[in-house]
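Novice: Coordinates for the following, if possible.
(one chain, ligands or ions: 1)
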Amino acid sequence: MKSFIRLIPLTILSLFFLISTTIAANSSKLTDVYTYANYDQVVTTHLYLDLNIDFGSMSLAGFAELSLKWLDTNSTEVVLDTRDLVINKILAQNSAGQWQQVSFNLAEHDDVLGAKLTIKTLPNTDKLRIYYHSTPQASGLQWLSPEQTAGKEKPFLFSQNQAIHARSWIPIQDTPSVRVTYTARIITNKDLLVVMSANNEPNTERDGDYFFSMPQAVPAYLIAIAVGDLHFKAMSHQTGVYAEKYILDAAVAEFDDSQAMIDTAEKMYGKYRWGRYDLLILPPSFPFGGMENPRLSFITPTVIAGDKSLVNLIAHELAHSWSGNLVTNETWRDLWLNEGFTSYVENRIMEAVFGKDRAIMEQALDVQGLTTEIIELAPGDTQLYIDLKGRDPDHAFSSVPYTKGQLFLIYLENKFGRERFDAFVLDYFDHHVFKSIGTTKFLKYLKANLTHKYPNIVSDEVLHEWIYKQGLPRYVPKPISTAFSTIDNETLAWLNDETKFSQLLTSDWTLHEWLYFINNLPLNINIDKMTILDNKFDLTHSKNAEITHAWYLLSIRVGYDAIYPAMFKYLMTIGRRKLIVPLYKELADTKEGKAWALNVYIKARLGYHSLARGTIDAILNK
Ligand SMILES: [Zn+2]
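Specialist: Purely as a prediction, here's the structure:
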């Protein structure tokens, strides 16, 4: 996933939940405390979904059929994760092929984990069929009315399962430690197209009745579905875009380097093992930048800037085809293995396709973000191996697993040289294909295959500091962009009135230079200078959502009020947390700002995803 926004520190309310949920969900033998599943006794190997999508009742209804593999043949129960599901009945099939109704217990709802579903099975149960329906409050689904889409005529639905939201629409072993292949039959309105993280066929007939097959085993958080007035356009033999018509051509033009990115990544990290790679452009309410659903990355439209300046997001989601989707973090405490490796691979793809200067600028901007964020984070949240202490695993997402994780890998690359380090990463992926791995096991692998193989370069203590200690080590790599140094000098001279405004050499600035410039303007900048900048460059109405975000943030801080009408529209149309949450936070710092924010939020809230709502509710004490 891309676009981390740290969730709000514990409110009194969530403190209560924390106390009530600090007990591990499953027995201590199992490493993932965020699942009720008894996956040490039985694992699901295949899932078949037979679901009807009903936009009227905002519900998915039908059954899920789970194929089981028993690890403990004495066990007679299967425990699954659910959240806000209504379970109607459960059938079990024995090895002779006979189906029989079995009893089950759906426990009380827990605010973090959902409701534990315990199923009493028959001897030799091979398959379970769970008849159920989801409810409108499903945390993993967002239902959009036609008015909330660009086309305004047809509704839209999309899922976002990471971290533990799969259970809100599928009764399943919802842990990254268990992988399933899946097939699905999905029925919906005849004029809508359904896509999944599976074998989407570009020429599918639009008839409301769709079949899918995903032959590669994936954890529950990578099962994904979207439904809407979607159309397809190819970018290359292997890549294409699904989107609403209004944005299809723009998306194809923006992302047509996707094939080059795949080819580049394959050269460095081995074969792309998923078949097609398509992009799905979601409505602007999608709360993240992107989600790496296999074969079909889900992408925010806010990165379609018209100049390919934000396509590192595609490199990021594509990179997950190796780190994350192929080699998966075992629990959400190990998230840095997914996101640190992915941020590293993303940047390597960007360097290969767009050049070293751009890759370094992107690194430097991310490091600035990390340095700022790390000051605000609770100390335990600044460790790569994060201590979640029973909090919702959505709290694991900050720039620490991403950028600190990436810096750790850059550090190793610098120490061992690119040739050795690339060979290590390639082998690491190859050794763990379609498997999950935790931090302890990774560290053992790293020592055996890199740091002990080439001894006396990086000590065990240094590795330990990177992974288990708080904050940033003193030897953290510092990416230096000469373009940014030039901007520092020019900006300082202008702010001190040593040079004229016209001497700022903005004409060939890239997005990254603009972001760096805005992010580093001082908070005591006088309003005249803000006005001059805005008059000349119309930053308040920039078409690039990242630039407007940075400009609004600065403007709120320094009291430049001309942005408010445009920022109102921005907050009403965009639901991506990275772009809106910091603005609400900044506004909430003053009484007048908070009153203005509340007024906007009352109007915008319905259009936001539940994950964004939860965060902003807490900021504004709703
Ligand atoms: Zn990611």
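
Novice: Which of the three states applies to the residue of the chain most remote from its centre?
Specialist: The C-alpha centroid of the chain is most remote from E498, which lies 44.6 Å away (C-alpha atoms, centre = their mean). Here E498 is recorded as coil under DSSP: H, G, I helix; E, B strand; the rest coil.

Novice: That one and the ion, how far apart?
Specialist: According to C-beta to the ion, to the nearest Å, E498 stands 43 Å off from the ion. (Each C-beta comes from the backbone N, C-alpha and C, glycine too.)

Novice: And for L446?
Specialist: Note on L446: its distance to the ion, by C-beta to the ion, is 21 Å.

Novice: Contacts only, for that residue.
Specialist: Counting by C-beta atoms under 8 Å, 6 or more residues apart in numbering, L446 makes contact with L463.

Novice: Check what pLDDT it gets.
Specialist: If you check L446, the pLDDT there is 98.

Novice: after whichever strand or helix holds it comes which helix or strand?
Specialist: L446 belongs to helix 439-446 when assigned by DSSP states H and E. Under the assignment DSSP H and E, the closest C-terminal helix or strand after helix 439-446 is helix 460-468.

Novice: Can you give me the buried ones in that following helix?
Specialist: Neighbour counts over helix 460-468 (16 or more other C-beta atoms under 10 Å) mark V462, L463, E465, W466, I467 as buried.

Novice: Double-check the last one against L443; I have them as touching.
Specialist: Yes - assessed by C-beta atoms under 8 Å, I467 is found in contact with L443 at 6.5 Å.

Novice: ok, K543 to T302 distance?
Specialist: In this view, K543 and T302 are 11 Å apart by C-beta to C-beta, to the nearest Å.

Novice: nope, E254 is what I was after
Specialist: From E254 over to T302 (counting by C-beta to C-beta), the distance is 11 Å.

Novice: Then L412?
Specialist: To T302, L412 is 33 Å away according to C-beta to C-beta.

Novice: can you check W99 too?
Specialist: Look at W99 and T302: by C-beta to C-beta, they are 48 Å apart.

Novice: neighbour count winner among these two?
Specialist: Taking other C-beta atoms under 10 Å, W99 and T302 do not tie; T302 has more neighbours (24 against 12).

Novice: Contacts only, for the more buried one.
Specialist: By C-beta under 8 Å, 6+ apart, the neighbours of T302 are P284, G289, L310, A545, I574, R576, L579.

Novice: can I assume it sits in a helix?
Specialist: Yes - under three-state DSSP, T302 sits within a helix.

Novice: Nearest spatial neighbour of it, chain-adjacent residues omitted?
Specialist: Closest residue in space to T302, ignoring its immediate chain neighbours: A545 at 4.1 Å, by C-beta to C-beta, 6 or more residues apart in numbering.

Novice: mind listing what that neighbour touches?
Specialist: By C-beta under 8 Å, 6+ apart, the residues touching A545 are T302, V303, A305, Y570, I574, R576, L579.

Novice: before we move on, back to that, output the contacts of T302 in JSON lines; the columns should cover pLDDT and distance to the ion.
Specialist: Below are the contacts of T302 laid out as JSON lines (pLDDT from 0 to 100; distance: C-beta to the ion, whole Å):
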{"residue": "P284", "pLDDT": "93", "distance to the ion": "20"}
{"residue": "G289", "pLDDT": "97", "distance to the ion": "8"}
{"residue": "L310", "pLDDT": "98", "distance to the ion": "15"}
{"residue": "A545", "pLDDT": "98", "distance to the ion": "19"}
{"residue": "I574", "pLDDT": "96", "distance to the ion": "20"}
{"residue": "R576", "pLDDT": "97", "distance to the ion": "14"}
{"residue": "L579", "pLDDT": "98", "distance to the ion": "17"}
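
Novice: Who are the contact partners of Q142?
Specialist: Q142 neighbours (C-beta under 8 Å, 6+ apart): L157, F158, Q160, S285, F286, H609, S610.

Novice: among those residues, who's most crowded?
Specialist: Using other C-beta under 10 Å as the neighbour criterion, F286 leads the contacts of Q142 with 27 neighbours.

Novice: Spatially, which residue comes closest to that one, not counting chain neighbours?
Specialist: Take F286 and drop its neighbours on the chain: the residue closest to it by C-beta to C-beta, 6+ apart is T300, 4.9 Å away.

Novice: Surely the one you found and P283 touch.
Specialist: No - T300 lies out of contact with P283 (C-beta under 8 Å); the separation is 9.1 Å.
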